[in-house]
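Participant: sequence first, then the predicted structure, then my questions.
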Amino acid sequence: MKDKTKYALVTGGSRGIGRAICIQLAKDTDYSILINYNSNEAAANETLDAVKKIGGLGEIIKFDVANPEAVKQQLDAWLNTHENALIEVLINNAGITKDGLFLWMQPNDWDSVIKTSLNGFFNVTNHLIKEMLLNKYGRIINMVSVSGLKGAPGQTNYAAAKGAIIAATKSLAQEIAKKNVTVNAVAPGFIKTDMTNHLDEKELKKLIPVSRFGDAEEVAHLVSFLASKKASYITGEIININGGIYS
C-alpha cells in the first residue's frame, strides 16, 4: 500500500504570521503545505512560491473559514482529487479584527469577528478531526492572542473570540488526547505584521519588557515545534509569545 502524502493546513496562510508558519513548516518538516486564503490569491501564491523556493511542496486552497458550507465543499473537493492525502496538522490561524469601543460597536463588527475566528475554528477543525482520530495522530494548533487572555480596550469582540478558542482548546485537548491528537494554542503579543502596522510601535514597546515587537518568524518557530513529534506530551496548553508583556 502506498504511503499517504501528509499535509499541514494553515488557514489564513497567505500573509503575516500565517505565511511565516507555512515557510517554517516547509523548512522543518516533510509536510506538504496547504495554504488557505479567502480573497488574496496573489498573496497566497507568493507564500507558495516562498515554500517552493526553500525546497518545500505546497498548494493553495480558497475558502472562507466563516462559511461552513464553503469549508466542507472545498475540503471535500480537494480530498476527492487527492485520494492519497492526509491532513495531519491543522493550524487555525485565520482571523480578523474590527476594533472599536463596545459602546459604539455595530452588530456586524461583533458577528464578523466571532464568525471568522471562533466559528472558523469550529468549521475547519470539526470537518477534519474524524480523520485524525481514525489515524490516531494529529496536531491542532490554534492561534489566539494576548487579548484573549487579559483583554484589551477596543477589542471586546476579538478578545471574546480568542478567549473562547482558549477555552475550547483546553476542553478539546482532554477529549482526544488518548487518540494521540494534541490541541494547543499560541498567544502572540505585539508582532510585526500588516495587522499591527497602524500601531505606534515606538510608544507601545515601552510597555514590553524586551522593548520591541516580535517577528512573525519567532511565532512560526514555536508553532513548528508544537506541530512536531517532539511536542507529543504537550496538549491543552496556551503558550504565550509576547516579550514578557503578559506572562
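Facilitator: Sure, I can see it.
Participant: can you tell me how far the closest residue in space to residue 26 that isn't next to it in sequence is from residue 154?
Facilitator: Excluding its sequence neighbours, the residue lying closest to residue 26 (C-beta to C-beta, 6 or more residues apart in numbering) is residue 56, at 2.9 Å. No exception for glycine: its C-beta is placed from N, CA and C like everyone else's. Noted for residue 56: a distance of 38 Å to residue 154, by C-beta to C-beta, to the nearest Å.
Participant: with neighbour numbers in mind, choose between those two.
Facilitator: When neighbours are counted by other C-beta atoms under 10 Å, residue 56 and residue 154 differ, and residue 56 comes out ahead with 20 against 14.
Participant: and the more buried one, what element?
Facilitator: Using DSSP states H and E, residue 56 sits within no helix or strand.
Participant: that one touches residue 33, doesn't it?
Facilitator: Yes. Contact criterion C-beta atoms under 8 Å: residue 56 and residue 33 qualify, at 6.1 Å.
Participant: quick check: longest helix of the protein.
Facilitator: The single longest helix within the chain, with elements called by DSSP state H, is helix 156-176.
Participant: for that one, which helices and strands make contact with it?
Facilitator: When contacts are defined as 3 or more C-beta pairs under 8 Å, 6 or more residues apart in numbering; DSSP states H and E, helix 156-176 packs onto helix 107-113, helix 120-135, strand 138-143, helix 146-150, strand 181-188, strand 238-241.
Participant: take the ones you listed and lay them out in TSV including mean pLDDT and distance to residue 67.
Facilitator: TSV is the format used below for those (pLDDT from 0 to 100; distance: least, C-beta to C-beta, whole Å):
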stretch	mean pLDDT	distance to residue 67
helix 107-113	98	12
helix 120-135	98	8
strand 138-143	98	19
helix 146-150	95	23
strand 181-188	98	23
strand 238-241	98	27
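Participant: let's have those in JSON lines, adding mean neighbour count.
Facilitator: Formatted as JSON lines, the helices and strands packed on helix 156-176 follow (neighbours: other C-beta atoms under 10 Å):
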{"stretch": "helix 107-113", "mean neighbour count": "15"}
{"stretch": "helix 120-135", "mean neighbour count": "19"}
{"stretch": "strand 138-143", "mean neighbour count": "25"}
{"stretch": "helix 146-150", "mean neighbour count": "21"}
{"stretch": "strand 181-188", "mean neighbour count": "24"}
{"stretch": "strand 238-241", "mean neighbour count": "17"}
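Participant: could you dump the ones you listed to TSV with distance to residue 75?
Facilitator: Listed next are the helices and strands packed on helix 156-176 as TSV, based on distance: least, C-beta to C-beta, whole Å:
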stretch	distance to residue 75
helix 107-113	22
helix 120-135	6
strand 138-143	15
helix 146-150	26
strand 181-188	18
strand 238-241	26
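Participant: and the helix or strand bottoming out on mean pLDDT in the chain, how far out from the chain's middle?
Facilitator: Ranking every helix and strand in the chain by mean pLDDT, DSSP states H and E puts helix 201-204 at the bottom, with a mean of 83. Mean C-alpha position of helix 201-204 versus that of the full chain (C-alpha atoms, centre = their mean, to the nearest Å) differs by 26 Å.
Participant: pick out the residue closest to the middle of this structure.
Facilitator: For the chain, the residue sitting closest to the mean C-alpha position, by C-alpha atoms, centre = their mean, is residue 93 at 2.1 Å.
Participant: surely it touches residue 140?
Facilitator: No. Using C-beta under 8 Å as the test, residue 93 is too far from residue 140 to be in contact (11.7 Å).
Participant: pLDDT below threshold where in the protein?
Facilitator: Scanning the chain for pLDDT under 70 picks out 1-2, 195-197, 199, 247.
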